[in-house]
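Engineer: one predicted model, sequence on top.
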Amino acid sequence: MEEANENPKWEGKATAKLLRPTANEVWPLLEDFCSLHKWLPTIDTCFKVVDDDEDNGLVRHCAASPQDGSDSEAQWCRERLTGMDPAGKWLSYEVVDSNMGFKNYKSTMKVVPIDGGDDLGCQIEWSFETDPIEGLSCEDLAKYVGIGLQGMALNMERTFESAF
């Protein structure tokens with residue numbers, strides 16, 4: 001008899017619409033795996049720590065200063081790129097180490113045209129699956145991802161404002 005899984009995986013998905021730039025214009029911003037800090041407002045730094053090789057893949061280090069202005073340790077994680085499809089405009093990654101409680105966190109970010117067309121506007125989808133995180137609920141994590149994605153979309157929109 002199979003043993004019941006006491007800690008089921010958490011899953012969530014957030015979406016954000018960008019009204020002007022197309023999916024083809026936004027994808028290069030997301031495709032640059034080590035530039036997340038340029039777009040995601042909750043991240044202060046993001047840089048490559050391991051080159052893309054057969055054994056390790058491309059690994060980035062992302063960190064954020066404490067939000068309360070305290071002297072507490074910065075939150076950080078190291079994320080490995082596990083897949084990318086430029087034609088499909090998606091990338092997947094997993095957290096390989098962090099001080100934020102992530103265990104078996106896997107995520108996919110995808111850029112899609114709004115209503116399937118190539119006209120102005122696109123949508124970013126950010127989905128995740130992870131083991132439960134101590135001190136958080138799945139709803140808290142989904143809200144955090146959603147707020148971060150909305151900020152990322154706004155920062156990307158601003159990049160294209162001068163072009164329109």
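Structural biologist: Alright, I've got the coordinates.
Engineer: buried sites along the helix ranked longest in the chain?
Structural biologist: Longest helix in the chain, counting residues (DSSP state H): helix 138-161. By 16 or more other CB atoms under 10 Å, the buried positions in helix 138-161 come out as 138, 141-142, 145-146, 148-150, 152-153, 156-157, 160. Every C-beta, even on glycine, is put in place using the N, C-alpha and C of the backbone.
Engineer: JSON lines for the residues you listed, including pLDDT?
Structural biologist: Output for the buried residues of helix 138-161, formatted as JSON lines (pLDDT from 0 to 100):
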{"residue": "Cys138", "pLDDT": "96"}
{"residue": "Leu141", "pLDDT": "96"}
{"residue": "Ala142", "pLDDT": "97"}
{"residue": "Val145", "pLDDT": "96"}
{"residue": "Gly146", "pLDDT": "97"}
{"residue": "Gly148", "pLDDT": "96"}
{"residue": "Leu149", "pLDDT": "98"}
{"residue": "Gln150", "pLDDT": "98"}
{"residue": "Met152", "pLDDT": "97"}
{"residue": "Ala153", "pLDDT": "97"}
{"residue": "Met156", "pLDDT": "96"}
{"residue": "Glu157", "pLDDT": "94"}
{"residue": "Phe160", "pLDDT": "88"}
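Engineer: just these now: which is nearest Gly101?
Structural biologist: For these, the residue nearest Gly101 by CB to CB is Leu141; the value is 10.1 Å.
Engineer: hmm, who's touching the lowest-mean-pLDDT helix or strand in the chain?
Structural biologist: Using mean pLDDT, DSSP states H and E, strand 45-50 stands out as the lowest-scoring helix or strand of the chain, at a mean of 92. Contact with strand 45-50 is made by 33-38, 56-63, 78, 80, as judged by CB atoms under 8 Å, 6 or more residues apart in numbering.
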